[in-house]
Each structure stands twice: as structure tokens, then as C-alpha cells.
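K.L.:
I would like the atomic coordinates for the input below:
(chains A and B)
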Amino acid sequence: MAWLEALRAAPGETAALVLMAAAALAALAPARLAGIVAAAATLIAAAWCVDGAWRADPATAPGAVLGALAALSAAAAVAVCGADAIDRRGAVRLALALLAGAGLTFAAASADLAWALIGLWLAGLSAAAILGMSAAPRAAQDGGQVLNFWGLACGLGLIGAALQMLAGAGADRLAVAGWTLSFTALAALAGLAPLNGLQVRSAGLGGAGGLIIAVAGPVVALGLALRTLADAPAALATPAAGALGLIAAGFAALQMVLAADVRRALAGLMATQTAVCLAAAALALAAGARSGAEAAGLALMAMTLGGLAGFCALEALCPGRPADAAAIRGRAAQAPFAAATLAITLVGFMGAPLTFAFFGRWLTLGAALDQGWTLGAVALVISALATAALAARWLALVYARPEADQGAAAAPAAPMAAFAGVIAAAACILFGLFADWPLALADLAFAALARSGGP
Amino acid sequence: MTLIEICLLAITAWPALTAALIWAFGRWREALYGVHILAAVALCGLVAALILAQTNGLRLTYVIARPLPALELGLTLEPLGLTFAALFAGLHLAIAVFAVGHDHVAPEPGVRQQLAAAAFVVGALIVAALARDLLTLVTTLVALALGVFWLAPAEGRRLQLGVMLGAALALAAPGAAWLFSMNGDLRIQPGGALALELAPAAAAGVFVLLTLGFGVSLLAPFSLWLRRLAQTAPAPAAAIVHGLIGPGLAFLTLKAVAFTLGPALALAAPAPVAVQMLAWATALAAGLLGLTRADLSERLAFIAAGQGAIALAALLTGAPAAAFGAALQIISWAIAMACLSMAAGAIAVSTQRRRVDALDGVGRRMPVTFVAFGIAALSLAGLAPFAGAWAKLWMAAGAGSVGDLASAGLVLASALLALALLAPAAARALFWPAPVNPFVRPDSLPLPLVAPIAVLALALVGLLWAIDPIGRYIMPELGQ
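P.N.:
All right, here's what the predicted structure looks like:
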């Protein structure tokens, strides 16, 4: 069937359309149907992108890989929304989460930076609306801040993209200025520390809005940032990625260790993974090292799955927000699967073998040692130590004996969020055991980094 | 798939399978213990089958997982690993029997979790003993950290997990990555995997990362968690800490350093000397601090810290004889400390006496336990004919053979400290007049509580005859 083949040839765009249609349906259909529509749409969108990646067409696979990550994030956001009873307001929230997913998937699939930024803007707008609808105090102000930040970053990025288009061949300074603007905007949206204040704050608010701003949006923005690195002159991109990666690793480790709120600490942990990605990209650009490009891709995929697992686990363990570390004390007794999910996420982000995140760290470390980039290797070691400190603290708390009165007082675990977390954690283990396919995808999606780099 | 490959697969799956069975049967106490002991017996059988196959000349490599084409997790049959696998499996069986007796006398809550954790710990150690490459060793270290987390009382978990996971993933894993970037291979082998034309800085870097990654828990102040865990855990868990976890960490360090660096250790100078000095400081400080403690479990924890440190220090002299001595030291230390901690547990449940100065004459009423206690104490002090004597002798002679007289002297000093810490208590318990009413429990202790203590004491004597065959079996692996 020609129409089916045409749709398969543009997996990201098709997935975005599916999500957008589902958003409209969820907003208009009876509230009870909204959950079913949302779940089905996100799964179809993810499957469509995975199919696109599976076909391994060099033209569409990079977008499909990033699109699949975006669609999976949308599915997790829907699961987090589904933690609440779905009434009319809940259905609107679901529709907004789907719209955010559509924006992210579209951004991921776009070959053109300007369109990608418009997709990101749509996602930011939807997330801000979800945050604004929250019953939390100052919700409207939080939503407004997200709107301002996201708008400013996307606006700057668009100006940068326009400058790059105007520059054309030969106008180097204009092109460099344009690239710098758009890369900075994407880095800010990707949650690169210390530019990630808003992501950390939004993560603390929790819910689907927090998940989109702190996990899904940054993943897609980071993927786009890596693509722009491949298009930039190596003399500019390599030091930029290397230095930003190092600085970000340090700031993110501090954010992670010092945060009192568990979701904010998780956002800091995500930022350490962002730094790993950038460091890997720098290595790929510096020496044309294919392992660097593969490491960047694997780290991005692992960061997505780990971030989704961790965020969903925290939603299940401490539905109230904001939640300091004491809120997870003894929660393993009431929510054992969510606690196990959190444990897998933490151990994985430290780089434990047989977890997905191990490969990103391993390949980056190996490439750093091969290139003699000792500072990068030391930064990776320090970030692993900081993660160990966080993991030890949280696991000791979550598996502590519950207080005598805690059993009755504790909020019930959110089953949908816990389920989504368990699926993501299981994927982290599965890809930790069999990483061949993700490695091939990472190579396919980010090989441009290694191609554009090298002496 | 051959029978031996099935055995290796079964050993890999054993911890998860046993933990699952223990969890499933946890509600029924008798069934729980039945599963625990049967699983321990099965593990001993599996290890025995592997030893039999290896001694019959079978050289086998088994790949557990190949997550990436260049990265493999695998097991291999080699004498040093099999010797330690047999040690860990045997000690696990003894401690399992002791746990049944202990629970019969003094039932405690949370037994199911402890037994599952014990299975996880011993399974991780046996896989580590058979590990063919550094990645498998790092993976087992992470598994060990998670197993110990479940074994530890809630108060000590944060420190334990922070130290063990931090060391495994921030030091040992980067060390493995460095080796991989130099060799393109993670396989470790007797005689060392690194080339001798290595740059000194690289050798020193790999040495520091691997030694501290695997052995940092044996060095003060990072050994604090191990000491606290041994002091606060119930007797069966304390026996696991003393008999399996501490010696297991020392063995992992031995395997990682000896099988990775081998003769290239000399290139890493002066890093080994720095770590060695830290080990000696740990041994001496632990011995001296132990003398100030009157609580028996505290004193045992300090002795264990010292014994681990001297094994590490001897290994770092770089002499093959000292490495062999370190291997013997780990074996004798594991058996003696398991025996001592089980004896301390038996004494505590029957008399409620925990202070060293309260044991005078108690040995006359508990002769089997206290004779075993005395044998284990003398073995730790390095007195012939007990197993510890040969270990101390080889360590001192090995250190002396490379001109490291300070290390040789310090082996003897630590032996004297161990003697001062335990021998007077054992002698007073056995030879002082019996107290009028020493028992809280008037009936005698059940056989499962006493038998493992006696068996381990006999093993410390029996090793006198076994040293020669063990030496011939493992010496080639250590460069002799």
C-alpha cells in the first residue's frame, strides 16, 4: 500500500500527527475514553518511530530514533497524568500531554532546526499549561515562568537558525554567531547545568508537566544540540562541547548532592548524564572517534529510559509535592516495585555493568582515555562518586523500616506511574544485557558527529 | 552444552534462584531452613564438580553475557578461583547450619531477608572467584554491594553502599576501562594481563584504581562500615561478614591486582608503597584499638580489620611468595574469623555474656566452643601448627625475599597483636575456675549451633596437611 509506505517513510512526522489527533480526541471525547485514547496513541506513535528506526534508513533513522524517545516520554507523561482520576480537567491535561508529545516528536523528526524549535515551543507551551492547571500554590506563576523561559530559548534559537540561513557560504562570523545562539538555546533547553535552574524547579513540581520540562524536553533538545554540533565547524564545536560538558558535570553533581527535594535531585542527576553526552560528543568531534558518537547516542537513550523510570518511580513513591528526601523513607514496604525501579535507575546512572547507562559511561571513559583527555575521565569519576553518594542516601531511606504511624498516613502509590517506571527500568536492564541493537541505532543516529570530526 | 557448562550456568543462576526460593518459603520456618541448607549443599556439589573437572585437565571458558561485541562477562576454571570458590561454598554451608541452630535458640525477625542476602553475597563471591575478566569482577562487586546492603542493619546501610558502590563504579570500573583502552581486552590471567613495557604512570594509575576499587573497604577509614556491620549484625550475619565478606573483598583485590598487573606491579612504584603504608597503619591501629575494647564482637571486628590489611600489604610487596602467603592468609583468616564469630554468637545466646572479662571459666562449661575459639585465636596469631602460621610464615618470608624487612616485621607484629587480643581471653575462659551459674539457658546448645564451630576449628588444624597440595595447586597461578 503506497500510502502506508509513505507514512512509514516519515515516521516522526506521522507519529506527531497521530499524537496531535489523539490530543484533539482526548479533549473532545468523554473523559473516560481520554485515558484509553492517550495510551493507545502514544504506544502507536512509539511503535511507528521504532519501526522507522528498525528500517535503518540513514535518511530517516536519526529522526526516528529521537522521535521514539520523545514518544516514549509522552507515554510516560500520560501514565503520570493517569495517576489522578480522569475527569474533564484530567482529560484536558491528557490532551495537553499528548500535544507536548506531538511537539517533541515533530521536533525530533525535523531535519530543519527552525521547525524543530517550533516543535519544542509547542511542547513547552503545553507543559506550561499543564503546570498552570495544577492545584499547587503559585501554579500559575510556575507555568508562566516555564512559558517565558521556553519562549525565550526557542526565540533565540530561531534567531540563530535565521542567522545561519542568512550567512550562507563565506560569511563565517555570522554563521558562527548564529550557531552559537542556537546551540546555547538548545543547551539551555537540554538542561545543561548551570543553565538548568528552571528544569530543576519544574521537576520539583512533579506531574506530567514536570516530566516534560525536566526529562522529555531536555532529551529531545539534547539530541538536537548534538546534531547541531555535527554541523558546526570542528574548531568551534569541539572545545565548546568539551568545556561545557566538564563545567556541566561539576555543577550538576553539586545540584544533585545539595538538592533537598527528591525530584530536583533527579533533575540534577539527569544533568550529569547530559554532561556525559556532551563529553562523548566532544570526543567524537575531536578525533572522529566513532566510539564517541556511539557513546553519545547510548548515553542519550539510557538517560531517557533512566530518567523516565526514575521520575515515574518518584511519582509513585511520593505523590505529594514538593517532597524532600524524608518523604521516601520506608516507602519500599508500600510500593516495592517503585522502590526497585528507583534502585535500578540510581545504580544504572552510576554506570553499573548490566544496566543500559553503563555503556554510555564506559565508551565515553574509554574514548577519553584513548584521546588522553584525563580531565574528562576525572570528571566522569567524580560524577559517579556524587551519584554514589545520592544512591546510598536514597536507597538507605527508601528501604529503611517504616515509621510506626507511616503505614496508615502514607499516600497510596500511583499504580500507573509505577507501571510505567517498571517498564522503563526493565528496558534499562534488557538493553544492559543486549546492547547491540541500541548501539547500532546510536551509531546510525549520531554517526554524523564522528564524520564531521577528526583531524 | 556440556555438563560442566551446565554447572557454571547453575552457579551463575544460583543466587537469584536461591533468594527466590527463600522468599517463597519464607513464611514456613522449617521449610525456609530446609531450602537454605539444601541450596548450600547444592552449591558445594557444583563447586566440587568444577574442581574435579579442572583437576582432570579441563580448561573451559564460559561466556555469561556479551552485551557488546567487544565486551564479555565470562567465567573460567582456574585453580586459584576454584580454591576460593570451595572455601566460600564450604563456609556458607557451615554458617547456614549455624544459622538454623541460632534461630532455634534465639529467633530473630527478618530472617528471610538475611538468608536471601546471604545467598546473594556468597553467589556473587563464587562468580567473582571464577571470573575470567575485569568486567565480571566489577559486576560481582556491585552485586556484592547490593547483597551486603540487604544484610546490613538499617543504620549502617548508607555508609556501606556509598563506599562499596562508589569504589566499584568510580574506581574499579574506570580502572577496567583504562585496561581496556590499553589492551583492547579485559581478560585477566595468571601472571598478569598487562604488558611489561607499560608506561609507569599508566601502571600506577591502573594499580591505584584497581587496588582501591576492590580493596578500599579493607583500609581505614573506609573499613568503618565493615567493622560496624560486624559489631551490630546478629551472629549468623556477623559470621557472614567475618567469614565471607571481608575475606571475599581481599580475594577480589588479590585477583584483580595479581591477575591484572602481575610483574607490572613493579612499574607502578611508588603507588604500591603508599597503599601498603596505609594497610600497615590500618593493621596496627586496628590491633591497638582492639586492645582498648572489652566487648567481644567489637574486638573481633578490630582483629578482622587488621587481618585484612596485612593480607593486602603482603600482596603489595610484589613477591610471588608473599602473594601465595596472602592467599593462604585469606583462607585461614576466613575460617578462623567465621569460627570465632560463630563461637561468640553461641556464647552470647547461652550465657548473655558479651564482655571479654566476663568469660573467665565459662569454657569449662562450654568446652567444645571454647577449644574451637582458642584454636581459631591461635591460628590468627600465627602459631603453629594451625593454618594461620603458614600464612604468616609465607608472607614474612616473601616480604623478606624482596628485601622488605619492615613488612616482614609488621606481619609478626600484627600476629602478636592478635595473640594479645584473644589468647588471654581464651586461656582464662578455659583454665579459670568455672562460674557458679554461667548459663541463661540451662539446657545444652543444639548440635547445629556447635557442630559448625567445631568443624571449622578442625579445618584450621587439618590445613596443616592440606597446605602442601593447596600450594602445589595454586602456586603456578601466583607466579611461583
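K.L.:
how far away is B:L179 from B:L198?
P.N.:
As judged by CB to CB, to the nearest Å, B:L179 and B:L198 stand 10 Å apart. For every residue, glycine as well, the C-beta is placed using N, CA and C.
K.L.:
which of these two has more residues huddled nearby?
P.N.:
B:L179 (27 against 17; other CB atoms under 10 Å in any protein chain shown).
K.L.:
of all residues in the stretch 101-250 of chain A, which one is closest to chain B?
P.N.:
Going by CB to the nearest CB, chain B is nearest to A:A249 of the stretch 101-250 of chain A, at 12.9 Å.
K.L.:
could you report the pLDDT at that residue?
P.N.:
For A:A249, the model assigns a pLDDT of 84.
K.L.:
isn't it right up against A:V381?
P.N.:
No. Judged on CB atoms under 8 Å, A:A249 makes no contact with A:V381 at a distance of 10.1 Å.
K.L.:
those two - which one has more neighbours?
P.N.:
Per other CB under 10 Å, whichever of A:A249 and A:V381 has more neighbours is A:A249, with 26 against 20.
K.L.:
three-state assignment of that one?
P.N.:
Per DSSP: H, G, I helix; E, B strand; the rest coil, the local secondary structure of A:A249 is helix.
K.L.:
leaving out sequence neighbours, find the closest residue to it.
P.N.:
Residue nearest to A:A249 in three dimensions, not counting chain neighbours: A:A275, with 3.8 Å by CB to CB, 6 or more residues apart in numbering or on different chains.
K.L.:
what packs against the helix or strand hosting that neighbour?
P.N.:
Using DSSP states H and E, A:A275 sits within helix A:262-287. If contacts are counted by 3 or more CB pairs under 8 Å, 6 or more residues apart in numbering or on different chains; DSSP states H and E, helix A:262-287 sits against helix A:197-205, helix A:217-231, helix A:234-258, helix A:290-317, helix A:336-350, helix A:356-370, helix A:374-398, helix A:436-452.
K.L.:
can you put those in CSV and add distance to B:L328?
P.N.:
Supplementary listing: these in CSV, determined by distance: least, CB to CB, whole Å:
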stretch, distance to B:L328
helix A:197-205, 54
helix A:217-231, 53
helix A:234-258, 43
helix A:290-317, 42
helix A:336-350, 35
helix A:356-370, 35
helix A:374-398, 33
helix A:436-452, 43
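K.L.:
most neighbours per residue, which of these?
P.N.:
Greatest average neighbour count among the helices and strands packed on helix A:262-287 goes to helix A:290-317 (a mean of 30), per mean count of other CB atoms under 10 Å in any protein chain shown.
K.L.:
now do the residue nearest to B:A94 when sequence neighbours are not counted against B:P270, distance only.
P.N.:
Once flanking residues are discounted, B:A94 sits nearest to B:P452: 4.0 Å by CB to CB, 6+ apart. Per CB to CB, B:P452 is found 44 Å from B:P270.
K.L.:
same deal with A:A338?
P.N.:
According to CB to CB, A:A338 and B:P270 sit 49 Å apart.
K.L.:
just A:G209 next, same as before
P.N.:
In terms of CB to CB, A:G209 sits 56 Å off from B:P270.
K.L.:
and those two? which has more neighbours close in?
P.N.:
Per other CB under 10 Å, whichever of A:G209 and B:P270 has more neighbours is A:G209, with 31 against 11.
K.L.:
ok, that one - contacts?
P.N.:
A:127-128, A:130-131, A:134, A:143, A:146, A:202 (CB atoms under 8 Å, 6 or more residues apart in numbering or on different chains).
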